[in-house]
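Asks: Structural data only, the sequence is not supplied:
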C-alpha cells in the first residue's frame, strides 16, 4: 500500500528536525572544543627552552622562551620618527632645530653634542659615542639607566646591589663599562633588557633601579605613605608605569661619588624639584645645587634630564589611571594570546591600538588634536628660547658697561629659574603632550623670569652714578 501523503509529510518533518538538531549539537560541540582549545592556548604562553636568571642580560636568550616579545623588541632598532622626535641612522643635533640650546648650555657638555633620541636598542651605543662621554670625563653613574647594569652592581657589591650601585657610580665611565666578572665575562654589554623589568622566575613586573627604589619611597613618605615598598605595594597597573619611571626621569649626581639621585623628596612638580635643589640643607656644602656654572653669565645653573615620568604625573592620562605601557606598549593579539608590544615607540605611530582603544575618534582627528597641542607647546618653547637668548645678550652688554658680579647677582638668580623651566620642557620627550597645561604654565614662567632678568640686567650701570660725599 502507498503511504498516505499526511504520513509522508510528517516523516520528512521529523527527519528535518533531527538533522537540524544534530547540526546544532555538532556546532555547539565544535564551539566548546574551540573555546577549550583557545583557553588552553592562551594559558600556554611559552615553552621554557632555556633557563634565565638574574644575570641573564642578553635579550636574545630570553627571546628563546618569549619570541613574540623579543621580535617586537628588535624593532626598536628601526628608524621611526614623528614631527618632534625619533632618530634615523645618524640622529640629528637638537641645536640644528633649536639654535638657542647651544647658548642655553654654554660651558656644559650638552653644548658639544645633544642629539635626538633613538629606540631602546641604541640606548647604550649612543651613550658610548656621544661627545659628552668621549670628550668630557663622565662617571659610571651614567650607566644606571643606559645599560642592563644590575649584575654589575651585584658583582661589585659582593651580592649587595645598593653597595655595588654606589661603587659603580663613583668609577670613571670607561672603567665601569669595562667591568668583568672572575671568568672574564663582560658585565656591561647590553642596553636595558628583559631582566631589568621582569622577575626571571615569575615574569612579574618589578622595579630594579636603586635610585628609583630610594626616590619612590621618599616620594611616598612625602605623600603620607610610610614604609612603602614599590615591588610589594604597587598595583600591576602602577607597575606598568613604574618600570618606565625607573629611567625616564630627572636626576642628578650626588656628592663627590656621583651617586645617581632623583630629587623627589618634595614632590614631582618642577617647582618642588627646584625647591629641593635650592635647599642647601640637602647638600654637604650647604649651598644650592648646581650642575654647572653658565659660561656667559656665571650663574649657577641646573640641567634638566628627561623628566617624562614627572611631567606625565601632572597630566590627564596619569589622573585617569592610564599607564605608560597602555600607550607606548599597547596589547596586540596573536592568535588567542594578548601580548604587550615591546616595540616601544610613540603612540602617534600606532594610533589604532595606542589611542583608539579609549578614544572613539578617527585617526585623522586624533592626529590633529595631538598636533595642535604640540605646535602650541613648540611656539611657547621658542618664545622662551628667544627670551633667554635676549637675556644673555643683555648680560654681555652689562658686562661691557663694567657691571660687577654683585650687581648681576639678582639677575643670575632669575636666569637660573628661567633656564630650569625652559629646559624641563625642552628635555621632556613629548613636546608638551604628557601634560599640556602644566607645560604651558612652566614655559610661561620661563618667559617671565627670562624677561625679568633681562630688565634687571639692562638697568645695571645705566643710572647716573652717585655723587661722592662731601669731605
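Replies: Done, it's in. Fair warning: this is a prediction, and the values are worked out from it, not measured in the lab. Residues are numbered from 1 along each chain as shown.

Asks: for the stretch 101-250 of the chain, what spans make up the helices?
Replies: Taking DSSP state H, counting those that start in this stretch to define them, one finds helices in the stretch 101-250 of the chain at 123-129, 131-134, 143-146, 150-156, 161-170, 173-177, 210-222, 230-233, 236-245.

Asks: could you dump those to JSON lines with mean neighbour count and distance to residue 261?
Replies: Placement of C-beta: from N, CA and C, glycine included. Shown next, in JSON lines, are these (neighbours: other C-beta atoms under 10 Å; distance: least, C-beta to C-beta, whole Å):
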{"stretch": "helix 123-129", "mean neighbour count": "17", "distance to residue 261": "19"}
{"stretch": "helix 131-134", "mean neighbour count": "16", "distance to residue 261": "19"}
{"stretch": "helix 143-146", "mean neighbour count": "24", "distance to residue 261": "10"}
{"stretch": "helix 150-156", "mean neighbour count": "22", "distance to residue 261": "15"}
{"stretch": "helix 161-170", "mean neighbour count": "21", "distance to residue 261": "10"}
{"stretch": "helix 173-177", "mean neighbour count": "19", "distance to residue 261": "17"}
{"stretch": "helix 210-222", "mean neighbour count": "19", "distance to residue 261": "6"}
{"stretch": "helix 230-233", "mean neighbour count": "13", "distance to residue 261": "17"}
{"stretch": "helix 236-245", "mean neighbour count": "19", "distance to residue 261": "15"}
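
Asks: which stretch among the ones you listed comes nearest residue 280?
Replies: Closest approach to residue 280 among the helices of the stretch 101-250 of the chain (C-beta to C-beta): helix 210-222, 18.2 Å.

Asks: what's the angle between that closest one and helix 161-170?
Replies: Inter-element angle recorded for helix 210-222 and helix 161-170: 120 degrees (by axes from the mean of the first three to the mean of the last three C-alpha atoms, to 10 degrees).

Asks: Flag the shaky bits of the stretch 51-200 of the chain, pLDDT-wise.
Replies: 87-89 (pLDDT under 70).

Asks: now do 80
Replies: Within the stretch 51-200 of the chain, the segments meeting pLDDT under 80 span 85-90.

Asks: In CSV: the helices of the stretch 101-250 of the chain, plus distance to residue 97.
Replies: Output for those, formatted as CSV (distance: least, C-beta to C-beta, whole Å):
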stretch, distance to residue 97
helix 123-129, 18
helix 131-134, 18
helix 143-146, 23
helix 150-156, 35
helix 161-170, 32
helix 173-177, 28
helix 210-222, 30
helix 230-233, 37
helix 236-245, 25
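
Asks: just so I know, which of those lies nearest residue 190?
Replies: Among these, helix 123-129 sits nearest to residue 190 (C-beta to C-beta), with 7.0 Å.

Asks: Counting by contacts, list what that closest one packs against.
Replies: Helix 123-129 is packed against helix 143-146, with contacts defined by 3 or more C-beta pairs under 8 Å, 6 or more residues apart in numbering; DSSP states H and E.

Asks: For residue 255, give me its contacts.
Replies: Contact partners of residue 255, counting by C-beta atoms under 8 Å, 6 or more residues apart in numbering, are 283, 284.

Asks: Next one: it from residue 59, what distance?
Replies: In this structure, residue 255 and residue 59 are 34 Å apart, going by C-beta to C-beta, to the nearest Å.

Asks: Repeat that for residue 427.
Replies: Residue 427 is 27 Å from residue 59, where distance means C-beta to C-beta.

Asks: what do you get for residue 340?
Replies: 15 Å.

Asks: try residue 223
Replies: Counting by C-beta to C-beta - residue 223 and residue 59 are separated by 35 Å.

Asks: what about the two, which has more around it?
Replies: Neighbour tally, residue 223 and residue 59, criterion other C-beta atoms under 10 Å: the higher count belongs to residue 59, 23 against 10.

Asks: Would you agree the more buried one is in contact with residue 194?
Replies: Yes: with contact defined as C-beta atoms under 8 Å, residue 59 reaches residue 194; the gap is 5.4 Å.

Asks: circling back: of all the helices of the stretch 101-250 of the chain, which lies closest to residue 17?
Replies: helix 236-245 (51.2 Å).
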